[in-house]
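In: Give the three-dimensional model of this entry:
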Amino acid sequence: MSANYEVRGSVAVITLNNPPVNGLGHATRKATAEGIERAENDPAIKAVVITGAGKAFSGGADIREFGSPKALAEPNLLSLIARVESCSKPVVAAIHSVCMGGGLELALGCHYRVAAPGTKVALPEVKLGLLPGAGGTQRLPRALGVEPALNMIVSGEPVNSELLAQVPGQVLFQKILDGDLLDGAVAFAMEVADKRPLPRVRDLKAQHPEAQGFFQFARNTVQAMSKHFPAPLQCVEAVSAAVSQRFEDGMKAEREAFAQLMLTPESKALRHAFFAERAAAKIPDVPEDTPLRAIQKVAIIGAGTMGGGIAMNFLNAGIPVTLLEMKIEALDRGIETIRKNYEAQIRKGKLKEDKYAQRMALLQGTLSYAEIGDADLVIEAVFEDIGVKEQVFRRLDEVMKPGAILASNTSTLDVNKIASFTKRPQDVIGTHFFSPANVMKLLEVVRGAATAKDVLATVMALGKKIRKTCVVSGVCDGFIGNRMIEQYSRQAGFLLEEGCTPQQVDKAMERFGFAMGPFRMGDLAGNDVGWYIRKRRYIEKPDLRYSKTADLLCEMGRYGQKTGAGWYDYQPGKRDAIPSRTVLEMIDMHRSALGITPRKISDEEIVQRLVFALVNEGARILEEGIAMRASDIDMVYLTGYGFPLWRGGPMCYADTVGLYNVVQTMKRFARNPLDDGKFWEPAPLLARLAEQGKGFTE
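Out: The predicted structure follows:
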């Protein structure tokens, strides 16, 4: 189905019908245009109502057609809007639930608009690095006023219909209709059926009393806030054209800006991330209609930083949580931390008192495994040691009810081995949350060899409910994210030995766009975490080489912010990283012991060595089937590791640079005797794609 046509008295009703959000795909556009034509040619019809079936008026362009010839096939969205606007009979848009992007642009092409209360109205194109391309920047300022329209277009955020209806002088909505929307819209269409001339938004003037000063202020503000993204500034220029130019010229300026933005690497990266997030939820061998297990109660083993953070996700979603600890002091401390986190949100105005009370009422603590046996899901968040995990899972196997899901928050350990500690490996899964777990968006869902499909489907759905971006990983040491970050960190260590300071490496990566460089990140996470993993590596992989600088740092007790000293010095109560003379002396002494003469290293080399280390390991992970798709790896890095969004993730960035160029650079690094030449052999998949002139995203 695409659009339905029915007649109510002397009103034709065209209902957009393209689930789930009535995207304006080619079939829908064509059927809508044909509906207008049919109504125009029927003398019994006096007016037309356009509405949307199901849970939306229209969410805009049909994302399934993005980049395909269908997206531009006639009637394209501009042609459809022109056809609606030129209709000789009044066309009323009856808007409800969701009216976004092209959906709002279509509504602005109608002669009148009525809306149901609570409709989310937005032009979100800026979030894809674009601007509205079917007249949104020209019509919305005319219908709503220049300032509120510019705010909506630059932010891309949805606004409720009744708030927009209160904007002084607006003609965006003629009425907010309580009760049955369609009945109200048909009645309204009859009221205006004989009124002429038909009002067109394009004929209004977009005005601002201080246009020049206002737009200059807007440019300065937007430039400061969105320096890595060209689209917001182009939005300002397009709205400015709505004020200073004739409608046709403004439309031309909008189209040119849209076409330019489509080609920018930033927009490509944002569109890649948009589709990557949707793709990550799809698992080829797990049907979308797989029956899910009911999750009404959750238990968490361990009330430390991680356990407490994980608990908050479920409390926020209204799911009762029981926290289990071995000692009453640890349990009290964990619950108190959760309380303090919520109180901090209240102080910042992000949480209301009643919501806080509701959430805390869902939380209880216990010291007894017997009291968690009826939970539907249990997540273990204890110390990262296989021996400790074994004790916990053997105990859970004894006490948990049949069909309960047993999850481990391990960040590196073998989920298959953990599953083998139970008599129900099909119910065991990895749920690797990122710290702080109540803030970070990423959840790596680790699928064991025996994990049942309904367990995987249930955890993916639950992840969505607690507002996480879930990415499925196979079982290997470190899964997707930590396995790759290890190579990144190894390169950072080699750079210190060859002549860099921690500050220089961090600054280069932060200029590239990372939220934090590797050494500041180590200080935040705790350098002892990496030390513990390296000690395990020295036994399991004795041929894998690391710089000794990180071990020497830990031997000095410099674990990071928590000890007031790591790669940097820290003042009590402050997070500012102060370069440390002690650390620089340690690095110098270590270099001398190795007989290395330090050299000057460029920021470009720093960035390439760290980022291409991620790319090469990512290619191996793809080839081994640990990650299902390159875009899943990008989602892990965008949502869990602070990779710059405007670069689209490591694999997308490698495609932008060109895989041929990546491989050539890696061959150069392999010749450096102080680096790990063997690591820089391009992964077979990377070498193959580079040779074929292809990219990961293909």
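In: Which positions within the helix or strand bottoming out on mean pLDDT in the chain qualify as buried?
Out: None of the helices or strands of the chain scores lower by mean pLDDT, DSSP states H and E than helix 69-72, at a mean of 85. For helix 69-72, a neighbour-count test (16 or more other C-beta atoms under 10 Å) marks Ala71 as buried. The C-beta positions use only the backbone N, C-alpha and C, and glycine is treated the same way.
In: May I have that helix as PDB, with CA atoms only?
Out: The C-alpha trace of helix 69-72 is given here as PDB (Å, rounded to 0.1, in the frame of the first residue of the first chain):
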ATOM      1  CA  PRO A  69      17.100   6.300  -8.400                       C
ATOM      2  CA  LYS A  70      13.600   5.900  -6.800                       C
ATOM      3  CA  ALA A  71      14.400   8.700  -4.400                       C
ATOM      4  CA  LEU A  72      14.500  11.200  -7.300                       C
END
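In: Can you tell me how far the residue nearest to Asn313 when sequence neighbours are not counted is from Val439?
Out: Distances taken as C-beta to C-beta, 6 or more residues apart in numbering place Ile466 nearest to Asn313, at 4.2 Å, with adjacent residues excluded. Distance check for Ile466 against Val439: by C-beta to C-beta, to the nearest Å, it reads 12 Å.
In: ok, now Thr32?
Out: 43 Å.
In: where exactly do the strands run in the stretch 201-350 of the chain?
Out: 298-301, 321-324 (DSSP state E, counting those that start in this stretch).
In: Would you mind finding the most buried of these?
Out: Of all the strands of the stretch 201-350 of the chain, strand 298-301 carries the top mean neighbour count, a mean of 27, counting by mean count of other C-beta atoms under 10 Å.
In: burial measure for Tyr5, as a count.
Out: Using other C-beta atoms under 10 Å, Tyr5 is surrounded by 16 other residues.
In: mean confidence for the helix or strand where it lies?
Out: Using DSSP states H and E, the element containing Tyr5 is strand 3-8. Confidence over strand 3-8 (mean pLDDT, whole number) is 97.
In: Could you tell me how far it lies from the centre of the chain?
Out: How far strand 3-8 lies from its chain's middle: 38 Å, per C-alpha atoms, centre = their mean, to the nearest Å.
In: So which elements touch that strand?
Out: Packing partners of strand 3-8 (3 or more C-beta pairs under 8 Å, 6 or more residues apart in numbering; DSSP states H and E): strand 11-16, helix 26-41.
In: What pairs with that strand, parallel or antiparallel?
Out: Here strand 3-8 has these sheet partners by DSSP bridges: strand 11-16 (antiparallel).
In: What's the end-to-end length of stretch 102-117?
Out: Stretch 102-117 has an end-to-end distance of 20 Å (criterion: C-alpha to C-alpha, to the nearest Å).
In: buried set for it?
Out: For stretch 102-117, by 16+ other C-beta under 10 Å, it's 102-116.
In: Mind checking which of the residues you listed are in helices?
Out: Counting by DSSP state H, these place 102-109 in helices.
In: which one of the residues you listed is nearest Ile45?
Out: Gly109 (18.8 Å; C-beta to C-beta).
In: could you list every residue that touches the closest residue to that closest one other than its chain neighbours?
Out: Excluding the flanking residues, the one nearest Gly109 by C-beta to C-beta, 6+ apart is Ile81, at 3.6 Å. Going by C-beta atoms under 8 Å, 6 or more residues apart in numbering, Ile81 touches 105-106, 108-109, 134-135.
In: Report the separation between Ile81 and Leu181.
Out: For Ile81, the distance to Leu181 - C-beta to C-beta - is 22 Å.
In: Equivalent analysis for Lys667, please.
Out: In terms of C-beta to C-beta, Lys667 sits 64 Å off from Leu181.
In: These two: which has the busier surroundings?
Out: Counting neighbours by other C-beta under 10 Å for Lys667 and for Leu181 shows that Leu181 has the greater number, 21 against 12.
In: Okay, the residue lying closest to the more buried one once chain neighbours are set aside and Asp183: tell me how far apart.
Out: Distances taken as C-beta to C-beta, 6+ apart place Ala116 nearest to Leu181, at 4.7 Å, with adjacent residues excluded. Separation of Ala116 from Asp183 (C-beta to C-beta) stands at 12 Å.
In: about what we covered before: and the strands of the stretch 201-350 of the chain as CSV, adding mean pLDDT and distance to Lys548?
Out: Below are the strands of the stretch 201-350 of the chain laid out as CSV (pLDDT from 0 to 100; distance: least, C-beta to C-beta, whole Å):
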stretch, mean pLDDT, distance to Lys548
strand 298-301, 98, 35
strand 321-324, 98, 39
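In: So which of those is nearest Ala630?
Out: Ala630 sits nearest to strand 298-301 of all these, at 32.6 Å, using C-beta to C-beta.
In: List the contacts of that closest one.
Out: By C-beta under 8 Å, 6+ apart, the surrounding residues in contact with strand 298-301 are 307, 310-311, 314, 319-324, 372, 375-382, 392, 396.
In: Paired strands for that strand, with orientation please.
Out: strand 321-324 (parallel), strand 377-380 (parallel).
In: Including distance to Phe479, could the ones you listed go into CSV?
Out: CSV is the format used below for the strands paired with strand 298-301 (distance: least, C-beta to C-beta, whole Å):
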stretch, distance to Phe479
strand 321-324, 25
strand 377-380, 16
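In: quick one: which of the ones you listed is nearest Gly677?
Out: Nearest of those (C-beta to C-beta): strand 377-380, 39.8 Å.
In: next helix or strand past the closest one?
Out: Note on strand 377-380: by DSSP H and E, the next helix or strand toward the C-terminus is helix 386-399.
In: so which of the strands of the stretch 201-350 of the chain gets nearest Val388?
Out: Nearest of the strands of the stretch 201-350 of the chain (C-beta to C-beta): strand 298-301, 10.3 Å.
In: any chance you could map the helices in the stretch 51-200 of the chain?
Out: Here the stretch 51-200 of the chain has its helices, by DSSP state H, counting those that start in this stretch, at 69-72, 77-85, 102-109, 136-144, 146-155, 161-165, 181-192.
In: now those as JSON lines including distance to Asn18?
Out: Listed next are these as JSON lines, based on distance: least, C-beta to C-beta, whole Å:
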{"stretch": "helix 69-72", "distance to Asn18": "12"}
{"stretch": "helix 77-85", "distance to Asn18": "13"}
{"stretch": "helix 102-109", "distance to Asn18": "11"}
{"stretch": "helix 136-144", "distance to Asn18": "20"}
{"stretch": "helix 146-155", "distance to Asn18": "24"}
{"stretch": "helix 161-165", "distance to Asn18": "22"}
{"stretch": "helix 181-192", "distance to Asn18": "18"}
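In: Considering those, which stretch scores lowest in mean pLDDT?
Out: helix 69-72 (a mean of 85).
In: Can you get me the centre-to-centre distance for that one and its chain?
Out: 26 Å.
In: for that helix, packing partners?
Out: Short answer (3+ C-beta pairs under 8 Å, 6+ apart): helix 69-72 packs on no helix or strand.
In: can you tell me which residues contact the spatially closest residue to Asn18 that is not a sequence neighbour?
Out: Excluding the flanking residues, the one nearest Asn18 by C-beta to C-beta, 6+ apart is Thr28, at 4.6 Å. Neighbour list for Thr28: 2-3, 16-18, 22, 62 [criterion: C-beta under 8 Å, 6+ apart].
In: out of these, which one sits closest to Asn341?
Out: For these, the nearest to Asn341 is Asn22 (39.7 Å; C-beta to C-beta).
In: and the nearest residue to Asn76 once chain neighbours are set aside, what is it in contact with?
Out: Excluding the flanking residues, the one nearest Asn76 by C-beta to C-beta, 6+ apart is Arg29, at 7.2 Å. Contacts for Arg29 (C-beta under 8 Å, 6+ apart) come out as 75-77, 79-80.
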